[in-house]
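Student: just the structure for this:
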Amino acid sequence: MGDKNEMIELSLPANAAYVSAARLTASSIANRLGFDIDETEDVKAAVSEACAMLIKLSPAGIVKHFKIIFSPGVKSLTVRIRAGHGIDLTPDEGEMSLIMIRALMDTVEISQSSGCAELCMFKRHQGLFL
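Tutor: A predicted model of the protein is given here:
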């Protein structure tokens, strides 16, 4: 149920029309890992909010794509969303998207280096694997 060596990468245009593809992928991976319906919905909603926030903070025409990396673990899922140069992914701490993401996921970290931004989210599966 989740091999440390498995990683699923999805590269999407920085366009709101593609957020549903990220949600569907997140849902499928969480379901495969045995997350229950509530946990799966949390992951889907967090990925959706993170993508929307990234697109909103992207300067028009500068960030053309972003990458989502899903890393299944034992009873957990890490989701990294990376954007290229030209984006400042340090939103106001009071921003509603960030508040929602932090409420849905167990851990949320934002990092910025060399003009590249990354939002890393972690969700632990609370149920039992059978």
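Student: any idea of the mean pLDDT for the helix or strand where E41 lies?
Tutor: E41 is part of helix 37-57, with elements assigned from DSSP states H and E. Averaging pLDDT along helix 37-57 gives 91.
Student: what's it packed up against?
Tutor: Packed against helix 37-57 by the contact rule (3 or more C-beta pairs under 8 Å, 6 or more residues apart in numbering; DSSP states H and E) you find helix 19-32, strand 65-73, strand 76-83, helix 96-104, strand 116-124. C-beta coordinates here come from the backbone N, C-alpha and C atoms, glycine included.
Student: spatially central residue for the chain, please.
Tutor: V47 (4.0 Å; C-alpha atoms, centre = their mean).
Student: distance of that one relative to V19?
Tutor: As judged by C-beta to C-beta, to the nearest Å, V47 and V19 stand 8 Å apart.
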